[in-house]
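Chemist: Mind folding the following:
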Amino acid sequence: MIRILIPLDGSTLAEQAIGHAIAISKVFSAELLLLRVVTETPGAPRDCIDWQLQRRQATAYLDQVTERLRAAGSRVLATVDEGHPAEVVTRFCRDENADLVVLCRFGHGGVTDFGRGSIAQKIIAGAPASVLLVGPTPGTDPLYRRILVPVDGTPGSEWAVSMAAMIAQPNDAELLMVHAVERPELPARMPLTQDIRDLSERMHSCIKAEAFRRLSELKAQLPTNVNVTTKVLVTGDVARALHATAEAADTDLIVLTAHSSPGEHSWRYGSVCESLLNHTMRPVLVFQQYNEGTASRFRNLYLAEPQADVG
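Modeler: So this is what the prediction gives:
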């Protein structure tokens, strides 16, 4: 069973993650894990009145949220823990084998000029799970009308297509597959002769033709009831091009893998993924594939669906 962790701090901003978690849980028949962390006060004894009051308030808060979610048909478990929020969330995610963490970019600290708050930053960097980073957005019930998934011809990106298609189906959403390829760079001091221009143009044409071919193949492998649009971009900055496309298309969700290729990587997130997490306020769902157990659970759910063999 897929398990989705929702860290909550009691703020209305943090609660914006709930609607997204419900939407994703319905797709994957997942269980929701609510976690509220009571922050430690340096030097304060844990048996003091203020500390006990905080725990009771946290428990009452989670009880209300749990009751509301169960009434809507969700499977929910709620936990109150104590300590430093990011450390507790990361440990809880590992101990409870959470497959996905859904959280808002900002919580009690409010919206800042940075792409995400410090606690969200630490959770994303440390949690051994996939991540859905959302908000802040108006309303609490997300409607996925248009889902963007970057494609680069690698198995990782094509696996993300299968996950995005699974989310698109029940939401009757348009799936926008974008193949953004980097424009070949020429040495800075190379003279730009007509021959070089012609060669560059031929390379661009070949790259675009191959990108269109692969997108067509992927589209043909998806369920016929998924509304798919494809787009090829040749750009000098892939992350910037994807960000601009997401804004221009008014996408409600961006789905990708942390790295296009599986295996060991020096960084938890690739450069394109990191840029999107930092610089767009649109919901970004990042699947981590280094955890083979989680990847297999997501993959098996998709392959159980008819007409859904991708890659």
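
Chemist: show me where pLDDT drops low in this protein?
Modeler: For the chain, the stretches with pLDDT under 70 are 40-47, 107-117, 137-140, 184-190, 260-266, 290-311.

Chemist: Okay, helices next: where are they in it?
Modeler: Ranges of helices in the chain, per DSSP state H, are 16-28, 49-71, 85-95, 118-126, 155-171, 194-221, 238-248, 271-279, 292-303.

Chemist: Count the residues that sit near R94.
Modeler: 13 (other Cβ atoms under 10 Å). (C-beta placed from N, C-alpha, C; glycine too.)

Chemist: so it makes contact with P128?
Modeler: Yes: counting by Cβ atoms under 8 Å, R94 touches P128, with 5.2 Å between them.

Chemist: Format the helices of the chain as CSV; extra columns: distance to V255.
Modeler: Output for those, formatted as CSV (distance: least, Cβ to Cβ, whole Å):
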stretch, distance to V255
helix 16-28, 11
helix 49-71, 24
helix 85-95, 20
helix 118-126, 16
helix 155-171, 4
helix 194-221, 14
helix 238-248, 11
helix 271-279, 11
helix 292-303, 12
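
Chemist: Minimum distance to H259: which of those helices has it?
Modeler: For H259, the closest of the helices of the chain is helix 155-171, at 6.0 Å, according to Cβ to Cβ.

Chemist: and the angle for that closest one with helix 271-279?
Modeler: Here helix 155-171 points in a direction 50 degrees away from that of helix 271-279 (axes from the mean of the first three to the mean of the last three Cα atoms, to 10 degrees).

Chemist: Which other helices and strands does helix 155-171 contact?
Modeler: helix 16-28, strand 146-151, strand 174-182, strand 253-257, strand 284-287, helix 292-303 (3 or more Cβ pairs under 8 Å, 6 or more residues apart in numbering; DSSP states H and E).

Chemist: Centre of the chain to the second one, how far?
Modeler: Relative to its parent chain, strand 146-151 has a centroid offset of 11 Å by Cα atoms, centre = their mean, to the nearest Å.
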